[in-house]
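Asker: Sequence and predicted structure are below.
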Amino acid sequence: MPDKANSVELTPTQAIEQYEREVKSGQVDADKYMELGAAYYIAHRWDEAIGAFEKAAQMNPELGHAHYYLGVLYASKGDKARAEQELNAVMRVSKNPILIAQAKARIPAVSSPNQLVNG
């Protein structure tokens with residue numbers, strides 16, 4: 001468990017800068033790309049978030065959360081086919097029943113991107 005007394009909360013911009021430095025220095029694994037993608041997502045930097053989540057999914061295809069966020073982001077960009085592909089991947093690879101249920105529930109809404117990003 002993290003030591004909250006010594007932890008520092010970063011703004012999304014600070015988190016992005018930190019994760020980008022770590023990625024550039026070669027300290028990379030799928031989890032680091034997930035963290036970078038999440039920071040981009042929070043900062044509404046959608047295209048960069050997609051790139052980070054795609055890299056995470058390439059490094060570890062079993063990362064259900066990477067596929068989930070890719071599904072949401074592709075839907076927000078109007079790419080229904082890719083959104084459905086990624087949300088279906090969640091159901092194939094995830095062992096998290098809550099994440100699977102969320103992905104399953106979002107597939108019918110793919111035609112309504114605002115609901116996906118804001119929902």
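Answerer: Received, thanks. Residues are numbered from 1 along each chain as shown.

Asker: ok, and the closest non-adjacent residue to Ala57?
Answerer: Ala66 (4.1 Å; Cβ to Cβ, 6 or more residues apart in numbering). (Glycine included, C-beta is placed from N, CA and C.)

Asker: quick one, phi psi at the one you found?
Answerer: Here is the backbone geometry of Ala66 (degrees, to the nearest 10): phi -60, psi -50.

Asker: what about the helices in this protein?
Answerer: 12-24, 30-42, 46-59, 64-76, 80-93, 97-106, 113-118 (DSSP state H).

Asker: rewinding a little: contact partners for the residue nearest to Ala57?
Answerer: If you count contacts by Cβ atoms under 8 Å, 6 or more residues apart in numbering, Ala66 has them with Ala30, Tyr33, Met34, Gly37, Phe53, Glu54, Ala56, Ala57, Asn60.

Asker: contacting residues for the residue positioned nearest the centre of the chain?
Answerer: When the chain is reduced to its mean C-alpha position, the nearest residue by Cα atoms, centre = their mean turns out to be Tyr69, at 3.8 Å. Residues near Tyr69 by Cβ under 8 Å, 6+ apart: Gly37, Ala38, Tyr41, Ala49, Phe53.
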